[in-house]
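A.B. asks: Sequence plus the predicted model coming up.
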Amino acid sequence: MSRNQPSRFVGFVNHLFSGHAKTRRRQRANRKIEAGDIQSLEQRQLLSADNAGVLRNDQSIYLDLNGDPAHEIDGKITANGGDVVTGKWNGVFETFAVVTNVNGLLYWDVDMNGDNIPDRSFQFGARNALYTDTPVTGDWDGDGDDEAGVFRNYGAQVLTVAGNRRQPDWIRDMGEWGYQDSDGVDANIIQWGLIGDLPLVGNFDGDRADDFAVYRDGRFVLDIGTPGWQGEDFDAFSAVGTPVAGDFDGDGHDEFGAVRPVSVGGNQLLEWRLNDGRTFHYGLPGDRPVTGTWGAPEIHLMVEDGRVLYDDNPSFGRIDFETVEAGMYGTPIRIQISNHGTIPLDLSDLYVPDGFVVSELPQARILPGQSEWLGLTLHSDSQGIKAGEVSFRTNDSNETPFNFQIRGEVTPAVIPLPEVTVFINGQAIPDDNAVLDFGTYTVGDARPVIVVEVQNTGDAVLQLSNLTVPSGFVVVDGLTTEIQPGGADAVIIALDTTISGSSRGDVSFNSNDADENPFNFVVVGNVVQPKAEITVSVNGGREIRDGDSGAQTIDFGTVVAGDAGPQFTIRVENVGDVPLQLSNLRLPAGYEIVDNLETEIAPGESDLLTIRLSTATVGTWAGDVVFDTNDADESPFNFRITGTVQPRVVTAPEIAVRLPDGTELQVGDDIDFGAYFQHARGPEFTLTVVNTGNASLELGVLSLPAGYVTAEGLDSVLAPGDSDDFTIVLLTEQLGTKQGNVVIANNDADESPFTFAVTAEVVETQFVTFVADYGTVDTNTGFFDPQLGPARRQAFEYALGIWSQQLIASYDGETIVVQADMVSLGGGPTGYPIAGAAPTGWGGDAVLAPVALLNHILDQDLNGDAPEIAISFNADLDSVDGDFLGNFYYGLDGNSPATHSDFVTTTLHEIAHGLGFYSAIIADGTFEVFGQAAPPTIYDVFLTTGNGVEVIPMSAANRLAAVTGNDLRWNGHQGILNNGGTQPYLYAPAIFDDGSSVSHLDEGRHGDELLSPNYSGPDHIVSALELGILADMGWSTLVTPNTGGPENRPENRVPIPAPSHWMARSPGANDVVVSGSDDHPTVSWTSTESRGHFQVLVRDAVTGSIVEHLSTFESTDYQPNLAPGTYEVLIRNITDDMAGAWSEPVVFTVSGHPTVDEPVTDEPVTDEP
């Protein structure tokens, strides 16, 4: 808004173009468009080729100009009903004609100039009972203008001389002036085509005149040649859809093709498929395709800020002029009117609502590709909201009149007023609430000044007068008496430094600003007499204040007696105005002056004082440095200093060698390792070397006696207080006493070398003994079955004997108890489980180890006489015949029939699982032991993928992918060594096989090893590969002797400390109780197992004979049907082919008589459980 803007809009009125203001009447000239009207090169290029278009059901047209799926021209055909055809009636571009049937005659309403309003009409063609004409257009004579024509299909009653139904005729208007001669007089009739053909017209041979074509059953038939008939030409191209023709590439020859609806990315579109191989999308299903060199205007409005205005759409077409004072002109807003069409855009009949004036007029005709500007300005003498619709007419058929909303507000006129604003250093200060401090200066200093800027921020002249300043200040440059709006003036005020004293008061001046007259602010200044002023700093940095002590004390640090003493340099500076006098310097005891002070320092000058701590005497020396000055408030000047002189100490290294429990060895001590079996894992003894001295301990060669090696050596230098470990390993390959000195070369003056003796005995190898535990619950079944029991025990104990020659004991009498059961594990048409095995317990922390391995590694029996391994054999196999492996073979010779399972092989296989050949990974990729979530086992530690990625740290999903990818490897040193130097493959089928996956070798790559997942025949040999894998987990075997090599070093083994976490197999039955009456008792129990089934065994409490045995009981309670007597009941769980421990016996009594004569059981009492 501007009050001072000149009236440059005077003389403008609210109308423009050729129409009159405030009218909506349309005046249209039926002017034919000539080629010269299309001046844009881009538009001429667009007109040189045909483009696609579509006609929608509501008579809307959407025309393409550039070959993309979006339309550039839209419009609406004003004539209603009838067929719509296109034709180049004006010789320049295609326009539309509507052909209607009036009383059997076809009347053509033709648009000549592209505004979609009919300009000419004529009659050509007919539709009656004898024939039906389809309107077509074409340049029949090659003169550049299209003429009318029809494709006539005759009714069934119209016959030829031969009596056949007459075929279609083409009837063309051959008049020189096109529609002007379209009266049928010059009509040319040619019979061509068949009944049912669809007509198509195009210049298919490039001779300027259009040719006939028909579309027949998805195939095009062309009549090519000029003049007239040249015969049929069946083109090879065919397509299904609506036929179209047009010169899409501008080469003078029309292409032809078909248009059909298709789905593209879920959107329904029209697909145009041409005979030259091109395919594109334009239009929607239901649209009628048309082609031509289009001629139509297309209006486009854009505000100068980039906003697009849409016709008659307030949401996207309103301009807000904001506000203007009454009688003033607002800022003009310009609207660009563009023609995006291909023929001139005509504008007329502009209407602008009250409160607005036209500031810029566009031309009434805009050529294709050109633009004009319409400028509007808010202006009115009356106050209030000004709003309304701007409207003007166009020859764009679907955007006339073009309307958009404008709005603005005229506010009351404002009376101009002055406004005073005062600035100091660019910062505005408030009236009567500001203090300007000049600071403190010395008499005789140059006068300090402050520049005060007074601005007129109002819109009337600011009058100023009567400037005053307080005593002690002077005006260097005063104010003018008048400041124009937007102008400013400066006043310069100085502090008078000719006399001393403090000055304070108001600076004031009068103005015609109604609410700031007078304008006041306070000035303050101080002028003092000259004096001496001392400033002291240490080493050119931190300032020392008079009386500094405590945290500000200057600390000379600690120094050894006799060394050079540390010193500090103190700078004394005179920041006053007269010479600074210095005298009578005093230092505390223990210090000496290196460089003294001058007695006088001129103003602005300085001098240095250097003080040194004397190292002649041991002790801590502290006190004040003091000297006198003529500084009135800092004399004497004093500050505190401190420093310490220590006695000189002789430094030397000191070696100490400590046992794991912290006991310190002395030179000459003897360590007795005890006795170890030949080939067993020898002891590993780790000692710590500590430097307890105050100088670097240098370590030389570490020497060991024959029969020992170091698994970890020593650093060459240990700083004071540092330590390092070394490990001694006994080699157990050779029998005999291993004795000698361990020698550590070092630079300890009185303990070099440090020597101590070690002794150990390697005795004949003792193997881990495997013994059987058959239990005492049922003495008539299983391994004590009257018929099969002896053979079962013999085979089982034979397998134990084989294992008793494989593992070297780590302590005297090391024994592994293997519990054996014959239980019903079921089976069916797809196969039978042979056996299941597991450790009876696991121990560890982050990694679990089976109890047998824990005993071996920790050299002690952690579980006493209890079994370390439990194996459940499937008793059902001894009753299976046929194609499956029926019956166990209990012979010892390894010659089992093909239809039998070798019992010795099965036992050897299952014991390996109990020794640790056992993964905790289950079918969802997590870890589980005994049906509970658990840490991974020691076996899992060595699992990697083929590219070396460890399995344990993976997510459950990635771990499952690794163990079902058929590329699972063992990464233990001895397993790789015993496999010829390559990683062994483990069983990892694509579908996880519970109980088999991971915990076996891959038989497809390693053949029929003992630890293959599937039984394929007898095998009584534990292979070197299988023993190597056990050795990696910590077992000592003959194929992995303790050589002291890298595979036996502690850092290459999985650390297994004394277990802090135990997991033991569940008995599967808890809280067994007997309830009910004595004649009908009920046995019930609880269970921690949610899987598997139960075995229930009842025996006579007196004789111990079994009276009832249920091997596949699913419930957790049952009612025995027994004769009167006293009985005891035991229950255990069968889960994952493994039998749990029997519950403790519970005694109960039955009185009365049983309800039936036979015991309730699912199998004979003499058969296996």
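C.D. replies: Alright, I've got the coordinates.
A.B. asks: State the pLDDT value of Trp1085.
C.D. replies: In this prediction, Trp1085 carries a pLDDT score of 76.
A.B. asks: pLDDT weak spots in the stretch 1051-1169 of the chain?
C.D. replies: Per-residue confidence of the stretch 1051-1169 of the chain (counting by pLDDT under 70) places the weak regions at 1051-1072, 1074, 1076-1077, 1087-1093, 1109-1114, 1134-1141, 1152-1169.
A.B. asks: Also the stretch 101-250 of the chain?
C.D. replies: Where the stretch 101-250 of the chain drops into low confidence, which here means pLDDT under 70, it does so at 175-186, 225-239.
A.B. asks: would you list every one of the strands in it?
C.D. replies: Listed in chain order, the strands found in the stretch 101-250 of the chain under DSSP state E, counting those that start in this stretch are 105-110, 120-126, 131-138, 147-154, 169-173, 187-191, 198-202, 211-216, 219-223, 232-238, 242-246.
A.B. asks: May I see those strands organised as TSV, with distance to Val538 and mean neighbour count added?
C.D. replies: To be clear about C-beta, it is placed using only N, CA and C from the backbone, and glycine gets the same treatment. Converted to TSV, these look like this (distance: least, Cβ to Cβ, whole Å; neighbours: other Cβ atoms under 10 Å):
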stretch	distance to Val538	mean neighbour count
strand 105-110	107	20
strand 120-126	109	19
strand 131-138	107	21
strand 147-154	112	25
strand 169-173	115	23
strand 187-191	119	13
strand 198-202	103	21
strand 211-216	106	22
strand 219-223	105	20
strand 232-238	101	13
strand 242-246	97	22
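A.B. asks: and Met1033, which of those strands is closest to it?
C.D. replies: Evaluated with Cβ to Cβ, those place strand 232-238 nearest to Met1033, the distance being 75.7 Å.
A.B. asks: Phi and psi next, for the most far-flung residue of the chain relative to its centre.
C.D. replies: With Cα atoms, centre = their mean as the measure, the chain has its most outlying C-alpha, relative to the mean C-alpha position, at Val161: 83.1 Å. Geometry field for Val161 lists phi and psi as phi -60, psi -30, criterion degrees, to the nearest 10.
A.B. asks: Roughly how far does Thr1116 sit from Gly257?
C.D. replies: Spatial separation of Thr1116 from Gly257 under the definition Cβ to Cβ, to the nearest Å is 79 Å.
A.B. asks: same question, Asp115
C.D. replies: With Cβ to Cβ as the criterion, Asp115 and Gly257 are 30 Å apart.
A.B. asks: Kindly report the same for Leu467.
C.D. replies: Plainly put, Leu467 is 92 Å away from Gly257 if you go by Cβ to Cβ.
A.B. asks: Name the residue in these two with the higher neighbour count.
C.D. replies: Regarding Leu467 and Gly257, a neighbour count based on other Cβ atoms under 10 Å identifies Gly257 as having more, with 27 against 17.
A.B. asks: right, and that one touches Trp272 too?
C.D. replies: Yes. Gly257 lies in contact with Trp272 (Cβ atoms under 8 Å); the separation is 6.2 Å.
A.B. asks: Show me whatever sits in contact with both of these two.
C.D. replies: Shared contacts of Gly257 and Trp272 (Cβ atoms under 8 Å, 6 or more residues apart in numbering): Val244.
A.B. asks: Strands of the stretch 251-400 of the chain, start to end?
C.D. replies: In the stretch 251-400 of the chain, the segments counted as strands under DSSP E, counting those that start in this stretch are 255-264, 267-274, 279-281, 288-292, 299-303, 308-309, 318-325, 333-339, 345-351, 356-360, 365-366, 371-378, 384-394.
A.B. asks: Out of those strands, which one sits most buried?
C.D. replies: strand 345-351 (a mean of 24; mean count of other Cβ atoms under 10 Å).
A.B. asks: what helices or strands is that strand leaning on?
C.D. replies: strand 333-339, strand 365-366, strand 384-394 (3 or more Cβ pairs under 8 Å, 6 or more residues apart in numbering; DSSP states H and E).
A.B. asks: May I see the ones you listed arranged in JSON lines, with distance to Ala79 as well?
C.D. replies: Conversion of those to JSON lines gives the following (distance: least, Cβ to Cβ, whole Å):
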{"stretch": "strand 333-339", "distance to Ala79": "24"}
{"stretch": "strand 365-366", "distance to Ala79": "25"}
{"stretch": "strand 384-394", "distance to Ala79": "19"}
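A.B. asks: So for Ser1143, which of those sits nearest?
C.D. replies: Of all the helices and strands packed on strand 345-351, strand 384-394 sits nearest to Ser1143, with 94.6 Å by Cβ to Cβ.
A.B. asks: Quick check: end-to-end length of stretch 339-348?
C.D. replies: Using Cα to Cα, to the nearest Å, the end-to-end distance of stretch 339-348 comes out at 15 Å.
A.B. asks: Give the rounded mean pLDDT of it.
C.D. replies: The predicted model gives stretch 339-348 an average pLDDT of 91.
A.B. asks: how far out from the middle of the chain is that stretch?
C.D. replies: Between the centre of stretch 339-348 and the centre of its host chain there is 52 Å, according to Cα atoms, centre = their mean, to the nearest Å.
A.B. asks: What of stretch 958-966?
C.D. replies: Counting by Cα atoms, centre = their mean, stretch 958-966 comes out at 24 Å from the chain centroid.
A.B. asks: Restrict it to CA atoms and write it as CSV.
C.D. replies: What follows is stretch 958-966 as a C-alpha-only set of coordinates in CSV (Å, rounded to 0.1, in the frame of the first residue of the first chain):
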residue,chain,number,x,y,z
ASN,A,958,19.2,-67.2,10.3
ARG,A,959,20.3,-70.1,12.4
LEU,A,960,17.4,-72.2,11.0
ALA,A,961,18.4,-71.2,7.5
ALA,A,962,22.0,-72.3,8.2
VAL,A,963,21.0,-75.7,9.5
THR,A,964,18.7,-76.4,6.6
GLY,A,965,21.0,-75.2,3.8
ASN,A,966,22.9,-78.4,3.2
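A.B. asks: buried ones in it?
C.D. replies: Neighbour counts using 16 or more other Cβ atoms under 10 Å place Arg959, Leu960, Ala962, Val963, Thr964 of stretch 958-966 among the buried residues.
A.B. asks: For those, could you give me JSON lines that also reports distance to Ile871, secondary structure and pLDDT?
C.D. replies: Conversion of these to JSON lines gives the following (distance: Cβ to Cβ, whole Å; DSSP: H, G, I helix; E, B strand; the rest coil; pLDDT from 0 to 100):
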{"residue": "Arg959", "distance to Ile871": "28", "secondary structure": "helix", "pLDDT": "96"}
{"residue": "Leu960", "distance to Ile871": "28", "secondary structure": "helix", "pLDDT": "95"}
{"residue": "Ala962", "distance to Ile871": "29", "secondary structure": "helix", "pLDDT": "96"}
{"residue": "Val963", "distance to Ile871": "24", "secondary structure": "coil", "pLDDT": "95"}
{"residue": "Thr964", "distance to Ile871": "27", "secondary structure": "coil", "pLDDT": "96"}
